[in-house]
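Pasted the sequence and its predicted model underneath.
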Amino acid sequence: MTTKLFGERVPRVEDQRFLRGKGRYVDDVLVGPGAGGVLHAAVLRSPHAHARIVDIDVSDVLDIDGVHLVWTHDDLSGAMAEPLPLLIPHPQLTHGRTQYALAKDEVNYVGEAIAFVVADDRYLAEDAVGRIKVSYEFLPPVVGLDGARGAEHLVHEDVPGNVAARLEQENGDARAAIASAPHTLSLDLTVERSASTPLEGRGTVARWDPDTGRMTVWTSTQTSTGVRAAIAAKLGMDLGQVDVVTPDVGGGFGVKINHPWPEELLVPLAARTLGRVVKFTEDRREHFISAAHERGQQHQVEVGYDDDGRILGLDVRFWHDNGAYTPYGLIVPIITSTQLLGPYKPGAYRVVFESLYTNTVMVTPYRGAGRPQGCYVMERTMDAIAAALGKDRTEVRSANFIQPDEFPYDHGLIFQDGRELEYDSGDYPASLDKLKALVGWDEFPAFREEMARERRRVGIGLACYVEGTGVGPYEGAHVHIETSGKVKVATGLTTQGQGHATVFAQIVADALGVGFENVEVVTGDTRRMPYAVGTFASRAAVMSGSAIHLAALRTREKVLRIAADALEASEDDLEIVDGVVSVKGTPDGTASIDLGTVAVLSNPLRYAFDEASKAATQFTVGDPGKPPVAEDDEPGLEGRDFYSPERSTFASGMHAVIVETDPDTAEIKILKYAVVHDCGRLINPMIVEGQIQGGVAQGVGGALYERMAYDESGQLVNASFMDFLMPYVTEVPAHIDIDHLETPSPLNPLGIKGAGEAGVIPSAAVFASAIEDAEAPYHPGLGITAMPISPSELFELRQAHPPVEPVETKESS
């Protein structure tokens with residue numbers, strides 16, 4: 001009997017290959033000898049944050065044996081000489097700017113591509129890059145949000161005030177509500193710039209076939225179809241001439257959703273120009289200075305509330321550092337501005353943001369994509385209200401929750417997908433109850449007293465969030481049953497470690513009644529699924545999972561139709577178990593047909609190639625009075641379908657942490673970490689928990705360690721793993737207590753929501769809450785208003801708030 005797999009902890013099928021070193025990444029791609037082997041590319045990048053290019057002298061490179069090509073912007077033409085695409089235009093992005101594939105006239109950040117070299121090997125290409133001479137006229141750099149807001153200097157001389165965009169949304173009259181509220185407070189909050197730093201950087205390999213006029217590109221991306229469209233547009237090719245394959249990807253986290261990177265265009269152009277296979281593999285420093293960053297924002301909050309802590313009016317203004325260019329539009333700050341609301345329902349809400357240019361690496365989504373900043377702002381506001389009223393922090397949150405009977409809940413705002421910010425389902429009070437029990441919230445005061453007797457400082461914090469997942473516009477899937485009985489599944493989005501091959505196989509195995517081991521999943525190959533959007537915004541399970549489910553059901557319908565004809569039975573009387581179609585209630589094997597045979601029968605043949613195919617030849621099957629393939633049918637046992645949602649689904653969660661802060665060194669130690677998460681129906685709880693654990697680890701880094709440090713000249717001073725501080729396994733919680741709540745989404749056939757970014761979203765907020773709670777009895781007035789926070793920064797905060805004997809807090813009394 002086939003076991004239902006949806007909801008089961010099925011081990012990941014991908015892991016054995018990776019653990020045995022069998023992963024195949026872009027740099028591992030072996031595409032054959034081609035015309036003389038693979039050539040390698042290297043890029044000359046700007047050493048200056050802001051300068052005009054006066055002259056580029058490549059004469060010392062042209063005669064080097066083994067160098068095949070040297071390009072600057074002057075060597076590009078047509079669409080390749082134009083700026084790279086602004087991927088997501090927005091009416092309020094009035095001054096959007098994107099870079100060129102190779103800099104034209106001016107460089108605007110350290111790391112911007114200036115020249116492109118192709119040589120016999122990477123060593124020679126790098127040596128050639130070092131011989132290119134560039135003359136610059138230096139311009140004053142704009143570094144950091146303070147510099148951008150001051151606008152003493154401009155990043156782009158035609159962009160007044162360095163303002164790329166200004167966007168305002170409001171539901172109700174927030175300023176009037178605040179003015180009339182019994183209580184008000186204000187906060188200034190900051191989140192510093194960081195980056196995703198995946199283990200594998202960017203990489204692209206391209207092969208041009210002059211005989212067929214086809215381009216094949218392998219690239220480490222989160223959107224193979226997007227890269228394909230960009231290559232076709234920029235190289236003047238038909239879409240059907242370009243194939244993009246995404247092999248194993250060693251981490252994406254958002255940085256690889258941006259496309260096309262200059263190298264994703266220059267490499268295929270060089271391959272076509274030279275008639276050779278060309279490869280580019282980014283090194284670690286290049287990734288730090290020329291990929292993408294995120295997180296940097298400054299917020300000003302005004303809030304009015306009543307005696308119960310219920311928010312009557314919330315007015316938020318913030319400034320977003322978008323770096324030197326805006327290829328991904330306003331997605332990150334729009335998400336911040338809307339997801340800031342979390343699970344709460346303020347009486348009125350107004351948000352205004354400005355997206356500002358700086359002479360630093362551009363900003364695109366990084367796991368969480370604006371949500372961590374929004375969560376941090378809202379949860380700090382909740383903590384401040386609780387402190388001002390002397391109330392338990394959970395009590396204030398409960399007073400503001402959207403209630404289960406209020407769904408769907410429309411916030412009256414527009415989300416990042418251009419649709420209404422309308423939550424589909426959830427039960428936030430139940431999640432909070434679970435979290436309090438999981439972390440021991442009510443028992444914590446006794447634990448604090450016990451630790452205090454040992455002269456140890458401990459604090460507890462919590463943070464709540466809602467995450468918009470499964471954004472459109474669509475994803476598709478193709479399900480094909482082979483004559484062997486194996487099931488081949490293709491979907492267009494890409495995979496970076498999420499376990500797609502496992503969870504998608506679970507969905508198909510259930511829908512078709514086949515063994516899990518007989519399902520094979522392919523992702524990110526435009527040859528198999530040419531229409532797709534990509535992997536981002538926690539959308540894979542919702543979008544491709546739903547499409548795969550629908551395609552599998554289409555395939556099942558055809559299976560039952562063909563089998564019913566072969567077994568001379570009604571479709572309603574058939575069932576599929578372990579890959580065999582049989583009449584219900586009949587003895588084993590007496591009225592049955594396996595899926596492989598059904599696949600044979602689905603394709604009427606003139607020629608027989610083996611014993612199995614004889615069953616589908618013209619003198620064996622078919623009604624002489626009917627066409628072999630009906631007008632509304634097609635050969636083959638396969639189904640294809642697409643899923644396009646009305647709007648996003650909204651997952652939610654709550655995190656709590658207990659920390660210890662050293663009284664002398666201000667070091668911060670995690671004692672306990674707890675998570676309650678609601679992503680609708682769980683396809684595979686083990687994989688969801690793995691996503692949460694990975695996200696928490698990344699969140700610990702973002703809250704306590706990781707930041708991109710620029711000096712006043714725009715140089716990134718920690719552009720290596722020697723200097724960019726990341727948590728080791730010793731700094732990440734060894735164990736995370738996880739509990740699940742399942743409130744199914746009504747928006748898709750599986751009732752699921754996304755989970756990929758959940759672990760990282762509340763990290764800055766929850767650690768700020770816990771650290772402040774640990775310090776408050778000893779340093780009254782000490783507030784955590786900037787993240788990440790290091791021991792030295794905590795030490796400085798202590799110095800600014802002289803110590804006193806511990807005082808009791810509401811939660812410890």
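Yep, it's here.

Chain neighbours aside, what residue packs nearest to the residue nearest the centre of the chain?
Centroid check for the chain by CA atoms, centre = their mean gives Phe536 as the closest residue, at 3.8 Å. Spatial nearest neighbour of Phe536, chain neighbours left out: Ile257 (4.4 Å); criterion: CB to CB, 6 or more residues apart in numbering. The C-beta positions use only the backbone N, C-alpha and C, and glycine is treated the same way.

Report the contact partners of that neighbour.
Applying CB atoms under 8 Å, 6 or more residues apart in numbering to Ile257 gives the contacts Thr221, Gln222, Thr223, Tyr328, Thr364, Pro365, Gly534, Thr535, Phe536.

Correct me if wrong: the fifth one contacts Pro327.
Yes: because the distance of 6.9 Å satisfies CB atoms under 8 Å, Thr364 is recorded as touching Pro327.

I figured Pro182 hits Asp308, correct?
No: contact criterion CB under 8 Å: Pro182 and Asp308 do not qualify, at 10.1 Å.

Could you list the low-pLDDT ranges of this protein?
1-3, 30-36, 589, 618-619, 621-622, 806-813 (pLDDT under 70).

List the buried residues of the longest helix along it.
Taking DSSP state H as the criterion, the chain has its longest helix at helix 546-567. Using 16 or more other CB atoms under 10 Å as the test for burial, helix 546-567 gives 546-552, 554-556, 558-564, 567.

Please apply the same query to stretch 390-399.
Buried-residue list, stretch 390-399, by 16+ other CB under 10 Å: Lys391, Asp392, Arg393, Thr394, Val396, Arg397, Ala399.

Check the offset of stretch 676-696 from the chain's centre.
15 Å (CA atoms, centre = their mean, to the nearest Å).

Contacts only, for the residue nearest to the centre of the chain.
Gln222, Thr223, Gly254, Ile257, Pro365, Ala369.

could I get the residues you listed as CSV with secondary structure?
Shown next, in CSV, are the contacts of Phe536 (DSSP: H, G, I helix; E, B strand; the rest coil):
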residue, secondary structure
Gln222, coil
Thr223, coil
Gly254, coil
Ile257, coil
Pro365, coil
Ala369, coil
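
Please, a ChimeraX command that selects the buried ones among these?
Those of the contacts of Phe536 that count as buried under 16+ other CB under 10 Å are selected in ChimeraX with:
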select :222,223,254,257,365,369
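
Tell me which two of the contacts of Phe536 sit farthest apart.
Pairwise distances across the contacts of Phe536 peak at 14.6 Å for Thr223 and Ala369 (criterion: CB to CB).

ok, how many other residues are close to Gly751?
Gly751 has 16 neighbours, counted by other CB atoms under 10 Å.

contacting residues around it?
Contacts of Gly751 were listed using CB under 8 Å, 6+ apart, and they are Gly680, Arg681, Pro744, Ser745.

Neighbour-wise, which one of these leads?
Gly680 (29 neighbours).

May I ask you to confirm that that one is in contact with Thr743?
Yes: the pair Gly680 / Thr743 is scored as a contact, 6.5 Å apart, by CB under 8 Å.

Next, show the common contact partners of the two.
Ser425.
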